[in-house]
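[1] Need a 3D model of the following:
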Amino acid sequence: MKKFILSLLAMLAYGLKDGIDSAMIKWGAIHFTVTQNPVTGRMRKKMGNVVFSHVFKSNTMRTKPVKVKNPKTTGQRTQRAKFKNILEIGRYMVKVVRDGFKGLAKKHSAFNEFMRENVPVAWKLVSGAYLVDFTKLLIANGNLTGLDTLTAAAASGHKINLTWVDNSGEGDALSDDIVQLIAYNEAKNSCVTDPTPQPRDQASQALTVPSSWVGDKVAVYGYAQTAKNTRNSISSFAAEVTIIT
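    Okay, here's the model as predicted:
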């Protein structure tokens, strides 16, 4: 029955030449994409184990496995732990992630790009547990020339002093590129962004965080962004600092 339904839909899609961009079918692991047309319209929800959705202006169809032999293998548990930890970080920095990865959000959302970049690498094994490795975490990505030698140090007044080398003129780096700075507090599940980003050639900036963060260790990042906010660089990890009064 499943193959009959899928075959019928495939033939329907191929038969309607107008309004169709592409169709991809792989039996067993099926992914089927058509653009909106007069018959299928905007496809959503599911029928049996076939799931329909509308993603990035395309109708997609995929199948759910009927059953899984063993969903709790060591490899699967490991992957779920990595995925869950990165997912939680992304949720607490969702606005940062959307801005940092928007340039890569073509066939996937910015959040999906964040997950794709970080789940495979941004973790460490501590006493048998998979934890986020903040030194490897990317909070932005793009092809703009990045920051040079970003550093961070705690300063009085619950501030973080950041410096970087002005590399204007290298590659496509411009002096008026904006430097976005972010501090993430894992203990508070919260992040702070710079409300007044400085240009690349400024080479320094102080980031103020909440006084309630005093005593907490925070991860500090930065990345460059064009003045018109059209392109980003890959993010740089500056340091983990402990906030002081």
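[2] rest of the way, CA atoms for contacts and neighbours
    Noted.
[3] Residue 243 touches residue 219, doesn't it?
    No: the criterion here is Cα atoms under 8 Å, and residue 243 misses it with residue 219 at 10.6 Å.
[4] How far does the host helix or strand of residue 60 sit from its chain's centre?
    Under the criterion of DSSP states H and E, residue 60 resides in strand 58-63. Strand 58-63 has its C-alpha centroid displaced from the chain centroid by 22 Å (Cα atoms, centre = their mean, to the nearest Å).
[5] strands paired with it, and their directions?
    Partners of strand 58-63 in the sheet, by DSSP bridges, are strand 31-35 (antiparallel), strand 50-55 (antiparallel).
[6] lowest-confidence stretch among those?
    Per-stretch mean pLDDT for these is lowest at strand 31-35 (a mean of 47).
[7] Got the confidence number for residue 242?
    98.
[8] Can you get me a residue count around it?
    As a burial measure, residue 242 scores 18 neighbours (other Cα atoms under 10 Å).
[9] what's the answer for residue 125, then?
    With other Cα under 10 Å as criterion, residue 125 counts 10.
[10] so when I look at residue 230, I'm seeing a strand, right?
    No: using DSSP: H, G, I helix; E, B strand; the rest coil, the assignment for residue 230 is coil, not a strand.
[11] what's the burial count for the closest residue to it other than its chain neighbours?
    Leaving aside its chain neighbours, residue 230 sits nearest to residue 103 (7.4 Å; criterion: Cα to Cα, 6 or more residues apart in numbering). The tally of other residues near residue 103 (other Cα under 10 Å) stands at 20.
[12] start at 535 instead
    From this message on, residue numbering opens at 535, which makes the last subject residue 637.
[13] backbone phi and psi for residue 637, please?
    Here is the backbone geometry of residue 637 (degrees, to the nearest 10): phi -70, psi -20.
[14] which residues touch it?
    With contact taken as Cα atoms under 8 Å, 6 or more residues apart in numbering, residue 637 is in contact with 644, 675, 676, 764, 765, 766.
[15] same question for the strand holding residue 594, mean pLDDT?
    Mean predicted confidence for strand 592-597 is 72.
[16] Likewise for stretch 711-729?
    97.
[17] And that stretch, end to end?
    16 Å (Cα to Cα, to the nearest Å).
[18] Buried ones in it, by neighbour count?
    711-720, 725-728 (16 or more other Cα atoms under 10 Å).
[19] Among these, which pair sits farthest apart?
    711 and 720 (28.8 Å; Cα to Cα).
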